[in-house]
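# only geometry, no sequence info:
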């Protein structure tokens with residue numbers, strides 16, 4: 001063997017390896033960067049479906065996420081090792097003894113690059129990234145409801161029927177507003193709170209407009225059925241899928257507000273019997289529907305007797321008012337009698353008269369009701385009573401806000417409602433948007449107190465009773481303010497029908513299509529157009545003649561791909577919402593909307609282009625929102641500069657990706673102090689977040705070097721410290737929602753102790769997080785009387801392997817409703833005190849059974865025993 005030749009060969013290989021190492025490092029870095037980009041895109045997609053569709057990540061995708069996170073750690077460790085070798089000048093040496101390490105590292109880099117590429121290729125096969133959530137045995141939402149009063153006897157009767165194995169279906173009927181839904185909600189909540197023996201508890205709002213497919217959708221949302229199995233199914237195939245799932249379960253199905261019979265088997269619902277022990281309970285205005293549904297038991301909810309009716313009426317008016325004048329009590333009894341025992345009328349009229357201690361007010365109402373005594377129609381009588389409540393509102397702007405709510409057939413988000421009122425001009429002039437939000441919130445609460453608006457499924461939403469909605473539409477018509485509300489009953493609205501709307505003041509279209517218009521209709525009186533349909537584009541010329549329109553809401557047109565160019569002819573427009581559309585580019589013509597006050601571009605996942613100089617020309621803009629939209633993933637420095645030049649702008653909501661635009665935002669005194677909602681993603685190199693006390697929602701994702709959050713001073717210029725004159729209770733006084741995901745350097749979230757109004761906290765996949773509220777590093781600065789998490793309703797802690805403590809001292813958590821812990825093996829002790837279990841709000845504590853059984857309790861008997869009834873084990 002030629003040893004010299006062999007040495008030359010080895011030396012040649014080593015030299016080749018040394019030349020290739022920098023190139024290989026670059027290839028690995030680029031491959032890892034591309035993998036992280038795909039990772040983030042999938043994360044955004046999963047989180048969007050989790051939020052909007054109430055889905056959960058598939059097991060396959062979740063495992064892939066974990067593999068990527070592990071791969072990133074391995075790559076970082078390898079690159080750190082290479083850096084160390086370079087620092088030792090090992091790779092730069094020509095000696096033979098250093099050839100082998102260089103060759104081995106080069107081989108490792110090539111192998112790791114191939115592994116990264118293979119991991120990325122697996123993402124190409126993820127056609128579905130999320131499936132419907134696996135829910136607990138019983139859905140954990142409590143239905144909002146009013147106190148049932150005289151419904152107790154009917155409640156007890158229905159419960160006895162539910163206990164009877166021979167009874168599979170129950171019908172509850174009665175006129176509108178008599179309390180059927182209130183009774184059904186009480187039954188639902190009773191079953192829910194007792195964590196019943198049913199495998200599935202399902203609530204379906206049927207109403208007069210819901211079609212079979214929507215009923216199926218509501219049922220499927222409660223079942224563990226992957227959406228890829230039913231997204232493109234026919235009605236018959238969905239029915240089979242529902243049937244196959246429900247036939248194996250004991251279910252309790254609530255069907256609220258049925259207007260016509262529903263064929264259970266056609267929907268996919270197995271017929272209840274004493275073998276499957278399932279039950280169906282329905283409400284309807286018609287006894288005939290109960291008979292056609294062949295319910296085995298039915299009961300009528302009747303109007304209240306005179307004594308019960310006056311007791312309910314008195315409770316709404318108030319004893320102080322009734323006793324303020326000897327004659328008022330007599331008149332109150334007359335007014336209550338005119339409500340004919342109808343709870344809806346008794347409550348709304350009673351609240352309208354609350355606080356009215358002037359005898360003339362009562363005399364006027366009595367005379368008004370006497371004039372209507374000759375009317376025989378029960379519905380007409382209800383309308384007159386509801387109109388009395390409307391008249392009692394007094395202020396014309398509040399009346400306009402009330403009538404406006406009739407444009408929405410279902411629940412509406414309170415924030416969106418207030419923003420629409422701003423666009424309509426109902427809230428007058430203001431220096432800052434938060435003043436208008438406060439005023440709008442006060443109006444919503446006043447309408448709720450008057451029972452003209454009802455609570456939605458959460459405190460973020462409100463809705464109208466259908467009788468109140470009908471009354472509002474009629475009042476608007478009588479005031480010569482025509483409202484057109486078109487729901488999904490009509491698949492295609494014909495052109496001649498659109499022509500009939502030319503006198504309308506406000507139009508709202510929901511889940512329907514409009515025929516192509518051959519001629520451009522004139523809408524000379526139109527002030528509001530709300531369209532939420534399955535439209536790819538709008539009929540040509542539709543926006544041609546709307547000279548006084550002030551509000552255009554096109555949100556949730558999920559297939560809309562372009563905005564008509566004639567949008568520039570809407571010279572009076574003050575509110576434009578394009579959220580949840582598929583628009584890729586905004587037209588330059590928008591720059592002519594000089595009166596625009598609110599521009600909302602949320603969740604536009606294909607929006608890639610905002611024309612330069614567009615935003616800066618919208619000189620009247622006061623509210624700008626571009627939350628979770630694709631365009632914010634690029635370099636937004638130009639957008640931020642344009643926003644900074646708008647003198648009237650007082651509120652922004654924005655999502656940013658990358659550190660440079662984020663730092664530009666933090667360095668802007670004007671923009672920093674008007675942020676309402678902020679989302680930060682993939683801000684590599686960003687070690688801290690600098691927040692204004694005005695922020696209400698904060699989302700931080702994949703900011704791997706983030707270590708802490710700072711509170712910026714309320715003075716111009718960048719600042720690293722809290723203003724010395726700012727009380728700690730005001731640090732984050734507006735912050736209500738926080739979500740932090742994939743921030744591997746965060747060790748604690750102690751700054752949240754100052755977020756006194758925090759409602760929701762979600763923390764996931766933060767590998768170094770050891771404490772939520774730490775004992776050091778800031779806790780000593782927290783005042784002794786600072787009540788931490790006093791308003792927190794939701795706390796989710798997922799995949800936090802180092803988490804050992806939520807707080808170093810016990811907390812009462814008086815508002816906590818749901819506590820969810822998963823994959824937190826080091827969390828062995830909870831900060832609950834004796835008051836936590838006695839809270840009326842606590843509904844669920846979720847986690848792995850093994851984790852729950854291994855918890856350490858200071859008072860093993862009282863604490864664990866009192867909280868155990870709330871624990872729901874989760875399957876992982």
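Done, it's in. Computed from a prediction, not measured in an experiment: that's the story for all the values here.
# Low-confidence stretches in the stretch 51-200 of the chain?
51-60, 83-104, 124-150, 195-196 (pLDDT under 70).
# residue boundaries of the strands in it?
55-57, 130-132, 169-173, 200-205 (DSSP state E, counting those that start in this stretch).
# for the closest residue to residue 284 other than its chain neighbours, what are its contacts?
Nearest non-adjacent residue to residue 284, counting by CB to CB, 6 or more residues apart in numbering: residue 258, 4.3 Å away. Bear in mind the C-beta positions are built from the backbone N, C-alpha and C, glycine included. For residue 258, the contact set (CB atoms under 8 Å, 6 or more residues apart in numbering) comprises 206, 282, 283, 284, 289, 293.
# Residue 525 now?
482, 502, 503, 504, 505, 548.
# next one: residue 407
483, 485, 506, 508, 528, 530 are the contacts of residue 407 under CB under 8 Å, 6+ apart.
# swap the cut-off to 7 Å and go again
Residue 407 makes contact with 483, 485, 506, 508, 530, according to CB atoms under 7 Å, 6 or more residues apart in numbering.
# helix or strand for the residue nearest to it when sequence neighbours are not counted, which one?
Once flanking residues are discounted, residue 407 sits nearest to residue 508: 4.2 Å by CB to CB, 6+ apart. Using DSSP states H and E, residue 508 sits in strand 506-510.
# for that strand, what is the average pLDDT?
Taken as a whole, strand 506-510 has an average pLDDT of 90.
# Double-check that residue 761 belongs to a strand.
Yes: read with DSSP: H, G, I helix; E, B strand; the rest coil, residue 761 is one of the residues of a strand.
# what about it, how many residues close to it?
Residues lying near residue 761 (other CB atoms under 10 Å) number 21.
# quick one: it and residue 738 touch, right?
Yes: between residue 761 and residue 738 there is a contact under CB atoms under 7 Å: 5.2 Å.
# Next up, phi/psi of residue 494, please.
Dihedral pair for residue 494: phi -70, psi 160, per degrees, to the nearest 10.
# ah, wrong one, I meant residue 578
Torsion angles, degrees, to the nearest 10, at residue 578: phi -120, psi 20.
# can you map out the strands along the stretch 351-500 of the chain?
412-413, 454-455, 461-463, 483-486, 492-493.
# Output those strands as JSON lines; include the columns mean neighbour count and distance to residue 43.
Converted to JSON lines, the strands of the stretch 351-500 of the chain look like this (neighbours: other CB atoms under 10 Å; distance: least, CB to CB, whole Å):
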{"stretch": "strand 412-413", "mean neighbour count": "17", "distance to residue 43": "25"}
{"stretch": "strand 454-455", "mean neighbour count": "16", "distance to residue 43": "33"}
{"stretch": "strand 461-463", "mean neighbour count": "20", "distance to residue 43": "27"}
{"stretch": "strand 483-486", "mean neighbour count": "19", "distance to residue 43": "38"}
{"stretch": "strand 492-493", "mean neighbour count": "13", "distance to residue 43": "39"}
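# would a markdown table of those strands with mean pLDDT be doable?
Formatted as a markdown table, these follow (pLDDT from 0 to 100):
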| stretch | mean pLDDT |
| --- | --- |
| strand 412-413 | 92 |
| strand 454-455 | 84 |
| strand 461-463 | 91 |
| strand 483-486 | 81 |
| strand 492-493 | 76 |
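# Having no further points to raise, I will conclude here.
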